[in-house]
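Enquirer: Kindly generate the corresponding structure for this input.
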Amino acid sequence: MTAEDAQVFVISVAAELAGMHPQTLRQYDRLGLVSPSRARGRGRRYSLRDIATLREVQRMSQEDGINLAGIKRILALEAEVVRLRAQVEILRVFAEPGHRVFTAGPEGDVVAVPRGQRGRRPPPAPGALVLWRPGPR
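Expert: Numbering: from 1, shown residues only. Presented below is the predicted three-dimensional model:
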């Protein structure tokens, strides 16, 4: 966990840092725009990343005129882009020499299978997609 992801700010402090009313943060949590972690007593705890997202939501709403449903979709698509970029990087690393075959399960998890080890591993889960890199011809 990075310092940016540490859940340290109570709602009143997070609202002040984001320049919003605490009730706005509660509404955004209910709508799923920003979902802070919860303390033992169920109090919300916001990270610096959450506060940055709150500011971005406010900017898109006020400056760009995007409604909350549109903002939620934009945030979901941005998160998907980050996830896919990370997966592409994993695939790039696995495609280096010494890794020939890898599998992608139904949830999109990628597992490397080192050269010559394919037969020793359990078969992929049903519905899994097996990919490979052709060797030199």
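
Enquirer: which regions of this protein sit below the pLDDT cut-off?
Expert: 1, 3-5, 94, 97-137 (pLDDT under 70).

Enquirer: Tell me how it divides into domains.
Expert: 3-77, 95-132 (automatic domain parsing).

Enquirer: Would you map the strands across this protein?
Expert: For the chain, the strands defined by DSSP state E occupy 37-38, 44-45, 99-104, 110-114, 129-132.

Enquirer: show me the contacts for S12.
Expert: P22 (C-beta atoms under 8 Å, 6 or more residues apart in numbering). In this view, the C-beta of every residue, glycine as well, is placed from N, C-alpha and C.

Enquirer: G19 now?
Expert: By C-beta under 8 Å, 6+ apart, the residues touching G19 are R55, Q58.

Enquirer: Please repeat the previous calculation with a cut-off of 6 Å.
Expert: Residues counted as contacts of G19 (C-beta atoms under 6 Å, 6 or more residues apart in numbering): none.

Enquirer: Run a quick neighbour tally on Y28.
Expert: Residues contacting Y28 under the criterion other C-beta atoms under 10 Å number 23.

Enquirer: how far away is the nearest residue to it once chain neighbours are set aside from V57?
Expert: Among residues not flanking Y28 along the chain, V34 sits closest, at 4.9 Å (C-beta to C-beta, 6 or more residues apart in numbering). Per C-beta to C-beta, to the nearest Å, V34 is found 7 Å from V57.

Enquirer: for V88, same thing?
Expert: Distance from V88 to V57, by C-beta to C-beta: 27 Å.

Enquirer: Show me which of the two is the more surrounded one.
Expert: Taking neighbours as other C-beta under 10 Å, V88 and V57 compare with V57 leading, 23 against 11.

Enquirer: Would you work out how far apart the start and end of stretch 40-49 are?
Expert: One end of stretch 40-49 sits 21 Å from the other (C-alpha to C-alpha, to the nearest Å).

Enquirer: Buried residues, it. List them.
Expert: Residues of stretch 40-49 classed as buried by neighbour count (16 or more other C-beta atoms under 10 Å): R44, R45, Y46, S47, L48.
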